[in-house]
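Visitor: I'll drop the sequence and a predicted model, then ask my questions.
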Amino acid sequence: MDLTLLRTPDPAIRARLDAAIDAFNDAATGRTEPAQPLTIALRDAAGAVEGGLVGISYYDWLIVQMLFVPERLRGQGLGARLMLAAEAEAVRRGCRGVWLDTGSPAARGFYERIGYGVFATLQDYPRGFPKWWLARQGPRQGDTAGLDTSAARDPEVARVVGAGLTAVADGLFGPETGREALAVLAEEGGAPRGALWMVARRDWLFLDLFVLDEGARRQGLGGRMLAMAEEAARARGCVGVWLDTYGFQARPFYERHGYRVIGALPDYPAPHGRFFLAKRL
């Protein structure tokens, strides 16, 4: 097997990995369930986007990927109303709960005030600051009138919300530098046998997607690819490597290589769980 570390890898590799992971998950769970986007826009009187919420539901849970309310509109309950609308949509989709992550102490306090609890913590993301994952199960009741909810990804809402969150993060941690997508590609005779897609940012390396052909497993190849990823993390000065995996995927493999569980969500999907693991280098 030839292993190659790819810098700025071809997005086509990512697309193949996404398809392979989806097929594996569907076979393991007996479910065919595409991810469903969610967009909730916060608009002014003229209809211009000022903030909002972007998320996605998959396997019985809704992930709030981004939430932003501009500073001049805060203190009016708009963030709580956006979360109420997301939770109502999660219930409509049959989700068990809602989860998200944040590195902002103020945002963590907001989520805890509306009933979310921390289930995982990663220290030094970036150095000196923690990253928290929070979740809540069970619907709440409240006013969601006037919010523009769509079961599709709205590029304009994603742009405005993403820019707002970037400005908040830059204010907390300083401007982000050194963000980099990487991949480890395994080939045999020029034919791909596996790939690992990862992202270096905020002093950690995130293992996003990892796929090996069935015939290439149990030969130490996965361990070699993981070691190459960890070496890439060290070369970039990363504190460590983190990932998440379903219970029917590769948790034992990562634990054999020194990763430890930092948090978990049960019944994701039932009867399985989703586990968050990390390894400091």
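Guide: Sure, I can see it. Keep in mind that what you see is a predicted model, and the values were worked out from it rather than measured.
Visitor: in this structure, which spans are helices?
Guide: Here the chain has its helices, by DSSP state H, at 11-29, 78-92, 105-113, 155-173, 221-235, 251-256.
Visitor: out of these, which is the most enclosed?
Guide: Comparing the helices of the chain by mean neighbour count (mean count of other CB atoms under 10 Å), helix 78-92 ranks first with a mean of 21. (C-beta placed from N, C-alpha, C; glycine too.)
Visitor: helices and strands around that one, which ones?
Guide: Other helices and strands packing on helix 78-92, by 3 or more CB pairs under 8 Å, 6 or more residues apart in numbering; DSSP states H and E, are strand 36-43, strand 49-58, strand 61-68, strand 97-102, helix 105-113.
Visitor: run through who's touching that helix.
Guide: Outside helix 78-92, the residues within contact range by CB atoms under 8 Å, 6 or more residues apart in numbering are 38, 40, 42, 51-53, 55, 57, 61-62, 64, 67, 69, 97-98, 110-111, 114, 136, 139-144, 147, 149, 151.
Visitor: one more: stretch 159-167?
Guide: For stretch 159-167, contacts defined as CB under 8 Å, 6+ apart pick out 49-54, 66-68, 70, 176.
Visitor: could you pick out the buried ones from those residues?
Guide: Those of the contacts of stretch 159-167 that meet the buried threshold are 49-54, 66-68, by 16 or more other CB atoms under 10 Å.
Visitor: worst-scoring helix or strand of the protein, pLDDT-wise?
Guide: Averaged element by element with mean pLDDT, DSSP states H and E, the chain has its least confident helix or strand at strand 148-150 (a mean of 90).
Visitor: elements contacting it?
Guide: Using 3+ CB pairs under 8 Å, 6+ apart: strand 148-150 touches strand 36-43.
Visitor: quick one: contacts of the strand it packs on?
Guide: Residues from elsewhere that reach strand 36-43 (CB under 8 Å, 6+ apart): 49-58, 62, 69, 73, 78, 82, 85-86, 89, 93, 147-154, 157-158.
Visitor: re earlier: put the buried members of the contacts of helix 78-92 into a PyMOL selection.
Guide: Per 16+ other CB under 10 Å, the buried members of those correspond to this PyMOL selection:
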select buried, resi 38+40+42+51+52+53+55+57+61+62+64+67+69+97+98+110+111+136+144+147+149
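Visitor: which ones are touching the closest residue to residue 268 other than its chain neighbours?
Guide: Excluding the flanking residues, the one nearest residue 268 by CB to CB, 6 or more residues apart in numbering is residue 274, at 4.0 Å. By CB under 8 Å, 6+ apart, residue 274 lies in contact with 61, 244-247, 264-265, 268.
Visitor: try 6 Å this time
Guide: 246, 265, 268 (CB atoms under 6 Å, 6 or more residues apart in numbering).
Visitor: show the pLDDT at the last one.
Guide: We have a pLDDT of 95 for residue 268.
Visitor: number of nearby residues for it?
Guide: When counting by other CB atoms under 10 Å, one arrives at 22 neighbours for residue 268.
Visitor: that one and residue 114, how far apart?
Guide: 21 Å (CB to CB, to the nearest Å).
Visitor: pipe the contacts of residue 274 into TSV and attach distance to residue 258 per row.
Guide: What follows is those, written out as TSV (distance: CB to CB, whole Å):
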residue	distance to residue 258
246	20
265	23
268	24
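Visitor: narrow those to those in strands?
Guide: Residues of these located in strands (DSSP state E): 246, 265.
Visitor: now, which of the contacts of residue 274 sits nearest residue 129?
Guide: residue 265 (22.9 Å; CB to CB).
Visitor: got a list of what the closest one touches?
Guide: So residue 265 contacts residue 274 (CB under 6 Å, 6+ apart).
Visitor: one step back: just send the contacts of stretch 159-167 back as JSON lines, with distance to residue 209 too.
Guide: JSON lines is the format used below for these (distance: CB to CB, whole Å):
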{"residue": "49", "distance to residue 209": "31"}
{"residue": "50", "distance to residue 209": "34"}
{"residue": "51", "distance to residue 209": "30"}
{"residue": "52", "distance to residue 209": "27"}
{"residue": "53", "distance to residue 209": "25"}
{"residue": "54", "distance to residue 209": "21"}
{"residue": "66", "distance to residue 209": "21"}
{"residue": "67", "distance to residue 209": "25"}
{"residue": "68", "distance to residue 209": "27"}
{"residue": "70", "distance to residue 209": "34"}
{"residue": "176", "distance to residue 209": "22"}
